[in-house]
Structures are given as structure tokens and as C-alpha cells.
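**Student:** Prediction below, plus the sequence it came from.
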Amino acid sequence: MAELDVDAVAGQAWGGGVAPFATNTKKLGMWLFLLSDSLTFSTAILAYAYVRLSSANWPRPFEISPAILNATFLTFILLSSSLTMVMAVAAAHRNEVKKAVIYILLTAVGGIAFVGLHMMEWFRLFAEGVTPWSNKWGDPLFGGTFFGLTGLHMLHVSIGVIYLCIIALGFGRRKFNADHVEVSGLYWHFVDLVWMFIFPMVYLMSVNLKG
Amino acid sequence: MSAHDTTALGTHQPGTKKLFMWVWFWLLILTGVEVLLAYMRLDPHPMLILLVGLSLIKSALIVAYFMHLRFEKIGLFLIIVPSLVFCLVMILIFVFPDSLRIVRLHP
């Protein structure tokens, strides 16, 4: 059998000589992770819809104030943090280190504000008798699915805040490059994207119109 | 290579500050429309279709502009989006018939 000409193969697309997606492995890896994570959230949201559909006494407890106003403000925070993240990526690619670090930290602050405000809402619901295993307004699965879905999202936001702080530190110390910032940005925008489905499905479909 | 050297791949940074601000602005507008819809006392089914439709538009804007997929090579788009759609369709094929059965079982 003839020996493989490594040099010749390395220059070809199928030999690994060029990148078929014109991107780096970090970014491709993150995209594939986000693909799998989007399926996790999709099945969680579908499970929520299924449970809601199968329930005869699903409550619609969210009044404009404080629940819907709070959730709308949370959406505003996440969208604005996505804007600061995209600015951070742009600054990182222009090699403006200080500016990029400030934008990343602003994004992280947005994430912390999101988690803080959301936790306050959780505690307000706890005080009203809604917990992951009970619900005084009707079907107990309301509490289970609400806290499960928003909790899974909040976990992602919290991990994102830690991730962004590590990236800001590493980029500020010049241990990471602009690609690292861009990949962390992909994760953050994904967290934002997921909320774009949770907000209408969980909150807006459960608005109390009697109030 | 030092950490701040631009790497050979994935360093293009298309899009301007103005473009990102516009996308952010439209995302906020669409969010406002969603909140208004929630108070229009529509039936749950058209409401769900409208809200999910608006969410899909918002997510497309985020993926295309904030996540730069619009500016990536088409190959990257083709390995991500069709596979996601395929998986979601497969999930829905199994969930939908049972969901509709549940609706019919309601008193």
C-alpha cells in the first residue's frame, strides 16, 4: 500500500488542512454546545406547555404590577446586556483592551441584576404560597414548572456571569484573545435568546386579565 | 503567538455600532408589542401563535446580528440551523398528537 503523503493531504479540506467553516475550533465547539443546550431548553419549554395543556385548573396569576413589569424589566436588562456584549466583542477585535473589559463587566453587572431581581420575584412567590411542590392558586405543577424552567435559565445566567468575569480578567491580563471574548459572547447571547421564549410562554401567557 | 495576536480564523468583526443599536431597538419594540398583545384579551391559540412568532423573529435577530451567524460562512449555518429544526420537528411529531389528545379529554 502506498504511503500517505501528509503534506499533500494537509492542504486539502478533508485532510484538515483548511477550516471548512472558516472559524476557529473554540467558536465551532461553542456553537455545537449551544445547539445541544437549545434542545434542552426546547424540551423543557415543551414539557411546560404539555403539563399546562393537560391541566384543568392552570392559574393565570401574573398581574401587570409587579410580575409583568418586573419580567419586562428583566427582558430589557438581558437585551441591554447583549448590546454591551456585542460592543465588547467589537472592542476586543479592535484590540481596545480596556474598553472591551469595561463592556464585559457591564454585561456581567446586567447578569447580576437579572439574577437579583429574579430571585426577589421568587421570594415574593414563596411568600404567596407558591413553591416548586405546591401552589395555592391551583395546579401544583405550576410551581414545579415555573421554578424549574426559570431556575434552569437563572443557572445559565449565573454561570454566564462567572464565565464573563473570568474572560474579563484573562483578557485584561492579555492571557485570552478576542476569540475568547467572542465565544463567551455567543454563550451570553444564547442565554438572552432563551429568555425571549420563556418570557412570553411563562409570563405573558399567564397574565391575569381579571385584575 | 501572544494572546492578543489576532488569530487566522474567526476574527472578522462585521457590523457597526449603529447596526447593533438598531437591532437592540427593534428587539425592545417587539418586546413591547408582546406585552401589549398579552393585554388584548385574545383567545389563547392566536395569542400563542403571535407570541411564538414574535419570539422567533427576536431570536432570529439575536442569532443573525448579535451572534454574527449572518456574517459567517454558509457551512456553519447549514450544520447548526437545519439540524436544530430537524430535532425540534422530531420532538414535535411525538408530542403533538398526545397534546391534542389531552385537549380533547378536557371536560
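**Tutor:** Sure, I can see it.

**Student:** residue boundaries of the helices in chain A?
**Tutor:** A:6-10, A:25-54, A:69-93, A:97-127, A:141-172, A:178-198 (DSSP state H).

**Student:** Can I get the ones you listed in JSON lines including distance to chain B, mean neighbour count and mean pLDDT?
**Tutor:** For the C-beta atoms, the positions are set from N, CA and C on the backbone; glycine is no exception. Formatted as JSON lines, the helices of chain A follow (distance: least, CB to the nearest CB, whole Å; neighbours: other CB atoms under 10 Å in any protein chain shown; pLDDT from 0 to 100):
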{"stretch": "helix A:6-10", "distance to chain B": "15", "mean neighbour count": "10", "mean pLDDT": "56"}
{"stretch": "helix A:25-54", "distance to chain B": "4", "mean neighbour count": "17", "mean pLDDT": "92"}
{"stretch": "helix A:69-93", "distance to chain B": "4", "mean neighbour count": "23", "mean pLDDT": "96"}
{"stretch": "helix A:97-127", "distance to chain B": "7", "mean neighbour count": "18", "mean pLDDT": "96"}
{"stretch": "helix A:141-172", "distance to chain B": "8", "mean neighbour count": "19", "mean pLDDT": "96"}
{"stretch": "helix A:178-198", "distance to chain B": "5", "mean neighbour count": "25", "mean pLDDT": "96"}
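
**Student:** Distance to residue B:100 added to those, as JSON lines?
**Tutor:** Formatted as JSON lines, these follow (distance: least, CB to CB, whole Å):
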{"stretch": "helix A:6-10", "distance to residue B:100": "53"}
{"stretch": "helix A:25-54", "distance to residue B:100": "9"}
{"stretch": "helix A:69-93", "distance to residue B:100": "29"}
{"stretch": "helix A:97-127", "distance to residue B:100": "31"}
{"stretch": "helix A:141-172", "distance to residue B:100": "19"}
{"stretch": "helix A:178-198", "distance to residue B:100": "21"}
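
**Student:** Is residue B:40 located within a helix, as I assumed?
**Tutor:** No: under DSSP: H, G, I helix; E, B strand; the rest coil, residue B:40 falls outside any helix and is assigned coil.

**Student:** Now do it against residue B:105, distance only.
**Tutor:** 29 Å (CB to CB, to the nearest Å).

**Student:** again with residue B:90
**Tutor:** 25 Å.

**Student:** likewise residue A:116?
**Tutor:** 42 Å.

**Student:** now swap in residue B:70 and tell me
**Tutor:** 44 Å.

**Student:** try residue A:42
**Tutor:** Distance check for residue A:42 against residue B:105: by CB to CB, it reads 25 Å.

**Student:** Contact partners for residue A:52?
**Tutor:** A:58, A:145 (CB atoms under 8 Å, 6 or more residues apart in numbering or on different chains).

**Student:** can we see that at 6 Å?
**Tutor:** Residue A:52 sits next to residue A:58 when contact means CB atoms under 6 Å, 6 or more residues apart in numbering or on different chains.

**Student:** try the one 3 residues further on
**Tutor:** If a contact means CB under 6 Å, 6+ apart, then residue A:55 has residue A:139 as its contacts.

**Student:** Kindly recompute the last result at 8 Å.
**Tutor:** Contact analysis of residue A:55 by CB under 8 Å, 6+ apart lists A:138-139, A:141-142.

**Student:** can you check residue B:84 too?
**Tutor:** With CB under 8 Å, 6+ apart, residue B:84 has these contacts: A:35, A:38-39.

**Student:** Go again with 10 Å.
**Tutor:** Contacts were defined as CB atoms under 10 Å, 6 or more residues apart in numbering or on different chains; by that measure residue B:84 touches A:34-36, A:38-39, A:42.

**Student:** So it lies in a strand, does it not?
**Tutor:** No: read with three-state DSSP, residue B:84 is helix and lies in no strand.

**Student:** do you know how far it is from residue A:31?
**Tutor:** Taking CB to CB, one finds residue B:84 at 10 Å from residue A:31.

**Student:** Check residue A:121 too.
**Tutor:** Taking CB to CB, one finds residue A:121 at 32 Å from residue A:31.

**Student:** Skipping adjacent residues, who's closest to the most centrally placed residue in chain B in space?
**Tutor:** Among the residues of chain B, the one closest to the centroid is residue B:59, at 2.3 Å (CA atoms, centre = their mean). Distance criterion CB to CB, 6 or more residues apart in numbering or on different chains; nearest residue to residue B:59, sequence neighbours excluded, is residue A:193 at 4.9 Å.
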